Each structure stands twice: as structure tokens, then as C-alpha cells.
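Chemist: Pasting the sequence and the predicted coordinates here, then a few questions.
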Amino acid sequence: MKKQCYFSQHNIKFIDYKDTEILKKFLNPHGRILSRKRTGIAAKYQRQLATAVKRARFMGLLPFVAS
Amino acid sequence: MNDIHDDRLAVYEIGYLIISSVPEEQVSVEVEKVKKIITDAGSSMIADESPHRERLAYTMRRKTVSGSYEKYDEAYFGWIKFELASGKIESVKDAVALVPSVLRMLLISTVEENTYLGKRAADMVVGFSLKDTPAKESPAKNIAAPIIEKKAAAPATIEEMDKSIDEMVKEV
């Protein structure tokens, strides 16, 4: 069964690093970004997601390593 | 050629952290300092959010003039979106980073439309779980499956079994 892209479904065109509630959904318990195989999102949004998570980490909104 | 690129207007966003030692009443004063730097460069403001105190995901350190380190577990996080000529952005970035009360800042190139969902984001994630949707099957699994099926679909006949027994006897 083909998985639907979360961001296409919700009509989100740009992933903002400040939307940490959404970003957290795509992290594992250690705070690492889930693979595209797990997230099921389009390649375009997976790239945007990775950038947004890294920006949020730099600003202290998300952890680099979650304990 | 460079002059043409320097005059081109682009949309930027500055996210900043103001140190937690600043009293809540003084935060707006610090924000005005940051805003003044941006407006003085000739930018037009698009959107902003006033800083709110937030617990940081990890402890940030900052080196003081004396050489010791200050540690921060909390900070005021705010952001400003503005339009500015691309040639002036470097000076704005350096000036904001040098404000003493700014612990950390992030400059990004963005779009004019609103990209921040804010409170709407919380509604969007309600009931959403990646566990509900199974991961895509790997191609390796798809290749392996028909081979197993082939083996099961071809039962050996009595004649074939006799032949193979004869061959094994000859070898012995």
C-alpha cells in the first residue's frame, strides 16, 4: 500500500524550523531524523524536514541527542 | 554584475535567543535594538513574533570577555521576517550577532508567505502517528518472495525422484 505524504496531505509547502511539534513527529526517541522509508514523505519534503530539524537544533528548540 | 545582485530584494528571517538573565520587562528594549539594526539597513518588516521564555533543549555556553563560560538552560526566543537588499544582509547579520544580550541568532532566506503554523501545528499532529502507517516494503523483499513461491509450486514427480536416486547410487 502506497503511503501518502504528510505535508502534501496537509497542504504544507514550506516546513518551518519553529514548528517543533510537527518536527518531533519525524524524530526517533534519540532525537535522530527518521529515514524516508519510515516517514513516507516525498523526497522534496524529506530534504526540507532535515534542514528544518537542523535549524531547530541549532536554536535549542530540539535536542541534538535526546536522553 | 555584482551590483545588480546586491540590489536585489530578498526575504530573510532572523531567529534570535535573548539571554534569560535579562528581566522580562527589559526584553522589549532588547528586541527594539535588534529591530533598529534591521530597519536602519533600509528593510521593510513583514512579520515578527515577540520573544517568549523557553526552556532550551540543551545547555548553551557562551564565552565571556574574561575567558570564562556562561551557561544558559533557558532563553527568550523571537523572530523577525523582513525584506532587504541582498548586499546589505551580511552587515545586518554581523550587527545582530554582536548585540550583547543576543545569545544566538539564525539568519535564513525564506519566502514572503507565512510558513509558521504556530498553534495550528498542534491540531495537525493530533492523532498522527507513523506507527499507524507501515513502512514501505524494501525491494529486496519483493525479489526474494517469487523464488520461495517457485520452489513450493514445483513438486517433484515420482519419475524425477527415481532419476535423482539413480544418479546418487551411480556416484557411490
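Modeler: Ah, there it is.
Chemist: strands paired with the lengthiest strand in chain B, and their directions?
Modeler: In chain B, taking DSSP state E as the definition, the longest strand is strand B:44-63. Paired neighbours of strand B:44-63 in the sheet (DSSP bridges): strand B:69-85 (antiparallel).
Chemist: Now do the buried residues in the helix or strand that the strand it pairs with is followed by.
Modeler: Using DSSP states H and E, the helix or strand that follows strand B:69-85 towards the C-terminus is helix B:89-97. Within helix B:89-97, the residues that qualify as buried by neighbour count (16 or more other CB atoms under 10 Å in any protein chain shown) are B:I89, B:V92, B:K93, B:A95, B:V96. Every C-beta, even on glycine, is put in place using the N, C-alpha and C of the backbone.
Chemist: And the helix or strand just after helix B:89-97, what does it pack against?
Modeler: Past helix B:89-97, heading to the C-terminal end, the next element that is a helix or strand (DSSP H and E) is strand B:102-109. Counting contacts by 3 or more CB pairs under 8 Å, 6 or more residues apart in numbering or on different chains; DSSP states H and E, the secondary-structure elements packed against strand B:102-109 are helix A:43-58, strand B:9-19, strand B:44-63, strand B:69-85, helix B:89-97.
Chemist: Restricting to C-alpha, output the longest one in PDB.
Modeler: As requested, the backbone C-alpha atoms of strand B:44-63 are provided in PDB (Å, rounded to 0.1, in the frame of the first residue of the first chain):
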ATOM      1  CA  SER B  44      10.700  46.600   5.300                       C
ATOM      2  CA  MET B  45       9.300  44.400   8.100                       C
ATOM      3  CA  ILE B  46       6.900  41.600   7.000                       C
ATOM      4  CA  ALA B  47       6.200  39.700  10.200                       C
ATOM      5  CA  ASP B  48       7.600  39.100  13.700                       C
ATOM      6  CA  GLU B  49       6.900  37.400  17.000                       C
ATOM      7  CA  SER B  50       7.900  38.900  20.300                       C
ATOM      8  CA  PRO B  51      10.200  36.700  22.400                       C
ATOM      9  CA  HIS B  52       8.800  34.300  24.900                       C
ATOM     10  CA  ARG B  53      10.800  32.500  27.600                       C
ATOM     11  CA  GLU B  54      11.500  28.900  26.600                       C
ATOM     12  CA  ARG B  55      13.400  26.000  28.100                       C
ATOM     13  CA  LEU B  56      16.300  25.100  25.700                       C
ATOM     14  CA  ALA B  57      16.700  21.500  24.500                       C
ATOM     15  CA  TYR B  58      20.400  21.600  25.700                       C
ATOM     16  CA  THR B  59      22.600  23.900  27.700                       C
ATOM     17  CA  MET B  60      24.300  26.600  25.700                       C
ATOM     18  CA  ARG B  61      27.600  28.000  26.600                       C
ATOM     19  CA  ARG B  62      28.900  31.500  25.800                       C
ATOM     20  CA  LYS B  63      32.400  32.700  26.300                       C
END
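Chemist: Please state the mean pLDDT value computed over it.
Modeler: With pLDDT averaged residue by residue, strand B:44-63 scores 94.
Chemist: what's in contact with that strand?
Modeler: Contacts of strand B:44-63 from elsewhere in the structure, counted by CB atoms under 8 Å, 6 or more residues apart in numbering or on different chains, are A:57, A:60-64, B:11, B:16-20, B:24, B:27-28, B:31, B:35, B:38-39, B:69-84, B:103-104, B:112, B:114, B:116.
Chemist: now do 7 Å
Modeler: Under the contact criterion CB atoms under 7 Å, 6 or more residues apart in numbering or on different chains, strand B:44-63 has outside partners A:60-64, B:11, B:18, B:20, B:27, B:31, B:69-83, B:103-104, B:112, B:114.
Chemist: From those residues, list just the buried residues.
Modeler: Buried members of those, scored by 16+ other CB under 10 Å, are A:60-62, B:11, B:18, B:20, B:27, B:31, B:72, B:74-82, B:103-104.
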